[in-house]
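Visitor: What follows is a predicted structure for the sequence shown.
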Amino acid sequence: MSLPRSSQPSLFRGLPQLPRPRCLRSLLLSAAAALLLLAPSTQAVPAGLSLHGMTYTIEDIYSGVVEIETGSFIAVVNKEHKDAVLEEMDVKFGWKPKKKFSRMAMFAGEMNQEQVLWLLQHEDVQSLENDGKVRA
């Protein structure tokens, strides 16, 4: 539905008016739904292991693109599940962290490739990286 020519702003007089798409609402709803589907879940596994500034996926580790040597790693987990993750690691591996950050949802310690892979597949782990030296 277009406005009568006399009620169009003077800047646009004489220009043809384009019809409004009838499907605009459904198009916007579809776009919003797609964004929700693509948005990261709060219960998602990490994208991969950050190792010396590079990110390696679980597939990279399994395929041999990278081999994880035993070393010091830092894990960031969902705060409300930190103790549960540590309990699971203790039961499965007999593993305890060297450092359990009291005010942050993080812990650090010596881990091997099996433990790193297990954490990378855990839904409560947000990120995992090697604990390297900080240089200024």
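Guide: Yep, it's here.
Visitor: neighbours around Val91, how many?
Guide: When counting by other CB atoms under 10 Å, one arrives at 9 neighbours for Val91. From N, CA and C alone the C-beta is placed, and that goes for glycine too.
Visitor: Okay, it and Val85: tell me how far apart.
Guide: Val91 sits 11 Å away from Val85 when distances are taken as CB to CB, to the nearest Å.
Visitor: ditto for Trp95
Guide: 11 Å.
Visitor: These two: which is more packed in?
Guide: In terms of neighbours (other CB under 10 Å), Val85 is the more surrounded of Trp95 and Val85; the figures are 19 against 16.
Visitor: Is that one located within a helix, as I assumed?
Guide: Yes. The assignment for Val85, made by DSSP: H, G, I helix; E, B strand; the rest coil, places it in a helix.
Visitor: per-residue pLDDT, it?
Guide: Among the per-residue scores, Val85 holds a pLDDT of 97.
Visitor: Spell out which residues sit in contact with it, please.
Guide: Applying CB atoms under 8 Å, 6 or more residues apart in numbering to Val85 gives the contacts Ala75, Val77, Leu119, His122, Asp124, Val125.
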